[in-house]
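In: Take a look and give me a structure for this.
(chains A and B)
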Amino acid sequence: GAVVSQHPSRVICKSGTSVKIECRSLDFQATTMFWYRQFPKQSLMLMATSNEGSKATYEQGVEKDKFLINHASLTLSTLTVTSAHPEDSSFYICSAPDRVGTDTQYFGPGTRLTVL
Amino acid sequence: GDSVTQMEGPVTLSEEAFLTINCTYTATGYPSLFWYVQYPGEGLQLLLKATKADDKGSNKGFEATYRKETTSFHLEKGSVQVSDSAVYFCAQEEEGKLIFGQGTTLQVKP
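Out: Now for the predicted structure:
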């Protein structure tokens, strides 16, 4: 099946700094990617839909200036957590469908962010 | 809004036991329904799906039937193995987006 990678897998940063997380589709092109946040023992919550060549679409309650998304190519989307605070500590996961119109998504392994 | 509710875990079973993980959904339309599995240290993987009422999705011995009348999509397996230990997520698709349940941890003991 299709493969999605994320980098880094784990990151620890100081409060006030910014952190960039990469999501790559390794063997397919993705015009759309999705970013989720998962709290411990809780569900995945969709944060935003990343669209190649256009602005991301954010879910209600997600600060777009806080979570910057850039989908610069058909295989790469980045999520930048700006001015991170301890409450931003979470598990961030991306996903992508391997072709337009399919309802099946492929997930990255996730990035554990810890803000001190 | 649309939502997915699944039974709380953790679920602990002995090898070869029968597994049921309940999942119900609320939706204005007739969404596609999914079960995803997350093995330790790995990303979510699609386990099975069903796109319309009465469809049965199946994979690796797991089954789930799309029940419109009860708005349910319960996951079942007749005989679990230790290797089935993972977190299972029920989900529905809404306009291309996935809405997940809270996940159910399954632990199978030898």
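In: Mind listing residues that contact the biggest strand by length in chain B?
Out: Determined from DSSP state E, the single longest strand within chain B is strand B:86-94. Residues outside strand B:86-94 that contact it (Cβ atoms under 8 Å, 6 or more residues apart in numbering or on different chains): A:43-44, A:103, B:2, B:4, B:6, B:9, B:21, B:23, B:25, B:27, B:31-40, B:44, B:47, B:73, B:75, B:98-101, B:103-106. In this view, the C-beta of every residue, glycine as well, is placed from N, C-alpha and C.
In: Counting by contacts, list what the least confident helix or strand in chain A by mean pLDDT packs against.
Out: When the helices and strands of chain A are scored by mean pLDDT, DSSP states H and E, strand A:105-107 comes last with a mean of 90. Under the contact criterion of 3 or more Cβ pairs under 8 Å, 6 or more residues apart in numbering or on different chains; DSSP states H and E, strand A:105-107 touches strand A:90-97, strand B:44-50.
In: And the following helix or strand past the last one, what's buried?
Out: On the C-terminal side of strand B:44-50, the nearest following helix or strand under DSSP states H and E is strand B:56-59. Burial within strand B:56-59, assessed by neighbour count using 16 or more other Cβ atoms under 10 Å in any protein chain shown, is assigned to residue B:57.
In: Run through the neighbouring helices and strands of strand B:56-59.
Out: Packing partners of strand B:56-59 (3+ Cβ pairs under 8 Å, 6+ apart): strand B:44-50, strand B:62-65.
In: partner strands of it, parallel or antiparallel?
Out: Strand B:56-59 pairs in its sheet with strand B:62-65 (antiparallel), by DSSP bridges.
In: Now the strand it pairs with: buried residues?
Out: Across strand B:62-65, burial judged by 16+ other Cβ under 10 Å covers B:62, B:63, B:64, B:65.
In: tally of neighbours for residue 46?
Out: This is for chain A. 19 (other Cβ atoms under 10 Å in any protein chain shown).
In: was after chain B, sorry
Out: Neighbour count of residue B:46, defined by other Cβ under 10 Å: 18.
In: for residue B:100, same thing?
Out: 22.
In: All good on my end, thank you.
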